[in-house]
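Student: fold the following.
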Amino acid sequence: MGRVELLGYAVPAFALLMLVEWIGYRRDPDRSGNGGSARDTASNVATFTLGRLTKPLLQYLVPFSAVLGAAALTPWHLSPRSWWVWVLGLVVTDFCYYWAHRADHRVRLMWTAHSVHHSSEHFNLSTALRLSWLHPVANILRGLAWVPAALLGFPAWMIFLLQSIGLLYQFPIHTQRVRTLPRPIEFLFNTPAHHRVHHGANLPYIDKNYGGVFIIWDRMFGSFAAESEPIRYGLTKNIGTHNPLKVNYYELAALIRDVRGASTWRGRLGYVFGPPGWTEHQAPMVSAPTMASESASVLSSDAAVSPVESVQLTS
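Tutor: Here you go, the predicted model:
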């Protein structure tokens, strides 16, 4: 069962949950102002629909899979008939997802695709549908994160299925209607509270909570943050459009402009493979809020900037 088929079965459930959330939001006198808007929701749904319609084209743009190649080459083969293989597979593929997701935020070429999901200034269940489409190079790079799972002997089809299950798990955590869950769940699993933090563009939440199903990876690798102040959703520099075509390619166009305007090969490579916000016009020490306004947009004032940690800019 492929990812598209799983999503196809899930669409009616998505629609029902979105309706329930909307009714709850409208009936709440204390609702937040960033819970959603009709234009934003329409943009999210349109972006998702275009992604489903164009997905078959990817088999022509990306006619191979690194996971399939690794699964064919590995000398180990785990049997899907054993229950523990499924449990271990869920843990391993989610661990791979953590590093893929972290790279989405720290490598600008990958951020060109992932920024689509973060560019909404609202946070609700429809935000989960705001997924990029037809970004073949970023997709190839991202897929490499699951090669270790294939080399360990997990069947390729199982890896793809578990990826889909992880994606489905993340749909209901895109909400402000659920505050916190019992402590053991909050400690181990990704929850609405943790994922709200991940979508925050204000400083305490920048580049935090990458986990898919499990939040334990963030606790282990120093990228965890708890919700501690009101969250501002979106990017550090928002794109200001609901056009699904512009939403999908805004950051890629900005990257191309930055590369074309770079004066050195170091600059060109830095704009492609460096973190979002990197610039060849370096300052000695730049904090995240300053970097949002003095980043790659030195060359392109329209560039969408990722949430980035306070760092010293180095080549």
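Student: nearest residue to residue 46 other than its sequence neighbours?
Tutor: Once flanking residues are discounted, residue 46 sits nearest to residue 244: 4.2 Å by Cβ to Cβ, 6 or more residues apart in numbering. The C-beta positions use only the backbone N, C-alpha and C, and glycine is treated the same way.
Student: I meant residue 94, not that one.
Tutor: Closest residue to residue 94 apart from its sequence neighbours, by Cβ to Cβ, 6+ apart: residue 213 at 4.7 Å.
Student: these two touch, right, that neighbour and residue 90?
Tutor: Yes. The pair residue 213 and residue 90 passes the contact test of Cβ atoms under 8 Å, sitting 6.9 Å apart.
Student: of these two, which one has the most company?
Tutor: Set residue 213 next to residue 90 and count neighbours by other Cβ atoms under 10 Å: residue 213 wins out with 23 against 17.
Student: quick one: the more buried one from residue 173, how far?
Tutor: As judged by Cβ to Cβ, to the nearest Å, residue 213 and residue 173 stand 10 Å apart.
Student: and for the two, which residues touch both?
Tutor: Contact with both residue 213 and residue 173 is made by residues residue 190, according to Cβ atoms under 8 Å, 6 or more residues apart in numbering.
Student: so for the nearest residue to residue 134 once chain neighbours are set aside, what's the pLDDT?
Tutor: Spatial nearest neighbour of residue 134, chain neighbours left out: residue 54 (5.3 Å); criterion: Cβ to Cβ, 6+ apart. pLDDT for residue 54: 92.
Student: one more: residue 164?
Tutor: What the model reports for residue 164 is a pLDDT of 94.
Student: in which helix or strand does the most centrally placed residue in the chain reside?
Tutor: The structure's the chain has its C-alpha centroid closest to residue 114; by Cα atoms, centre = their mean the separation is 4.8 Å. Secondary structure assignment for residue 114, by DSSP states H and E: helix 108-118.
Student: returning to what we had before: can you name the residues that contact the residue nearest to residue 46?
Tutor: Counted by Cβ under 8 Å, 6+ apart, residue 244 has contacts 43, 46, 47, 50.
Student: please check these and keep the buried ones.
Tutor: 43, 46, 47, 50 (16 or more other Cβ atoms under 10 Å).
Student: could you measure from the residue nearest to residue 46 over to residue 86?
Tutor: Distance of residue 244 to residue 86, computed by Cβ to Cβ: 36 Å.
Student: now do residue 167
Tutor: Going from residue 167 to residue 86 by Cβ to Cβ gives 17 Å.
Student: just to revisit the earlier point, what's the closest non-adjacent residue to the residue nearest to the centre of the chain?
Tutor: The spatially closest residue to residue 114, leaving aside those adjacent along the chain, is residue 104, at 3.8 Å (Cβ to Cβ, 6+ apart).
Student: need the contact list for residue 268.
Tutor: By Cβ under 8 Å, 6+ apart, the contact list for residue 268 reads 259, 262.
Student: which stretch of helix or strand covers it?
Tutor: Assigned by DSSP H and E, residue 268 belongs to helix 265-273.
Student: may I have that helix as PDB, with CA atoms only?
Tutor: Below are the C-alpha coordinates for helix 265-273, written out as PDB (Å, rounded to 0.1, in the frame of the first residue of the first chain):
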ATOM      1  CA  TRP A 265      31.900  30.000  -5.700                       C
ATOM      2  CA  ARG A 266      32.000  30.000  -2.000                       C
ATOM      3  CA  GLY A 267      29.000  32.200  -2.000                       C
ATOM      4  CA  ARG A 268      27.100  30.100  -4.500                       C
ATOM      5  CA  LEU A 269      27.700  26.900  -2.700                       C
ATOM      6  CA  GLY A 270      26.900  28.500   0.700                       C
ATOM      7  CA  TYR A 271      23.600  29.700  -0.600                       C
ATOM      8  CA  VAL A 272      22.700  26.100  -1.700                       C
ATOM      9  CA  PHE A 273      24.100  24.000   1.000                       C
END
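Student: ok and that helix relative to helix 108-118, angle-wise?
Tutor: Inter-element angle recorded for helix 265-273 and helix 108-118: 40 degrees (by axes from the mean of the first three to the mean of the last three Cα atoms, to 10 degrees).
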